[in-house]
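S.K.: Starting from these lines, generate the structure:
(chains A and B)
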Amino acid sequence: KAGVTQTPRYLIKTRGQQVTLSCSPISGHRSVSWYQQTPGQGLQFLFEYFSETQRNKGNFPGRFSGRQFSNSRSEMNVSTLELGDSALYLCASSFNRHYGYTFGSGTRLTVV
Amino acid sequence: KNEVEQSPQNLTAQEGEFITINCSYSVGISALHWLQQHPGGGIVSLFMLSSGKKKHGRLIATINIQEKHSSLHITASHPRDSAVYICAVRSETSGSRLTFGEGTQLTVNP
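M.R.: Here you go, the predicted model:
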């Protein structure tokens, strides 16, 4: 069965722009979580969506937002990009919180 | 102090050696995950534990809930095991949110 698909794989944006990243979970998985990975801060939780509802949110500014569609696909949006937003953004899907997670390959965002 | 601490940060081994990576955490947890990340970024989930021990091939993961400690063991290590190994916990109070350790960079030389 297909894994978790993240698009695009690589992205270069300019400061002040906004960006939208996409995550398609494994079929049947209703939970999608997003994470940011940077060399300085490591992996940090952004938010989790379950059945189109945000169930949990990490400590990130309001510029970071997300949503989930009825087919469980999720998008995250970062507005007014800053240099510090350069990172690998990973999503993971799960059937529910009591099962393990399957991660996507990530989107590497570079802000210049 | 981080909620999740791993040791060592870096580990170099010769092919065939037995490897242990440790993870200590400071909060009550509902589950602990061991993850593997290769260059390029992709993460593979190796184990999810809430008690006891799990084994998959040459990998063994153990957890001691009372001591708030988990170990990941690799038997008969191989150069293809070279990767970053990350411990992550889901606390009892944080729902689905994972908190991550800083990772252990493992290099296995032939």
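
S.K.: Flag every residue of chain B that's near chain A.
M.R.: Within chain B, the positions lying close to chain A (Cβ under 8 Å from any Cβ of the partner chain) are B:31, B:33, B:35, B:40-45, B:48, B:86, B:88, B:90, B:94-103. C-beta: built from backbone N, CA, C; applies to glycine.

S.K.: Put the buried members of the residues you listed into a PyMOL selection.
M.R.: Here is the PyMOL selection string for the buried members of the residues of chain B next to chain A, based on 16 or more other Cβ atoms under 10 Å in any protein chain shown:
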select buried, chain B and resi 31+33+35+41+42+43+45+48+86+88+90+94+96+97+98+99+100+101+102+103
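
S.K.: Of the residues of chain B next to chain A, which belong to helices?
M.R.: Of these, none are assigned to helices by DSSP state H.

S.K.: burial measure for A:S70, as a count.
M.R.: 7 (other Cβ atoms under 10 Å in any protein chain shown).

S.K.: Retrieve the pLDDT associated with the closest residue to it other than its chain neighbours.
M.R.: Nearest residue to A:S70, sequence neighbours excluded (Cβ to Cβ, 6 or more residues apart in numbering or on different chains): A:E52, at 6.3 Å. A:E52 carries a pLDDT value of 94.

S.K.: And A:E52, how far from A:N71?
M.R.: Counting by Cβ to Cβ, to the nearest Å, the gap between A:E52 and A:N71 amounts to 10 Å.

S.K.: which of these two has more neighbours?
M.R.: The residue with more neighbours, out of A:E52 and A:N71, is A:E52; 13 against 10, by other Cβ under 10 Å.

S.K.: so what's the more buried one up against?
M.R.: A:E52 makes contact with A:R67, A:Q68, A:F69, A:S70 under the criterion Cβ atoms under 8 Å, 6 or more residues apart in numbering or on different chains.

S.K.: Skip the chain neighbours and tell me the closest residue to the residue nearest the centre of chain A.
M.R.: Residue closest to the mean C-alpha point of chain A, counted by Cα atoms, centre = their mean, is A:W34 at 3.5 Å. Closest residue to A:W34 apart from its sequence neighbours, by Cβ to Cβ, 6+ apart: A:L46 at 4.1 Å.

S.K.: Quick check: phi and psi on residue 84?
M.R.: You didn't say which chain, so I picked chain A. phi -70, psi -10 (degrees, to the nearest 10).
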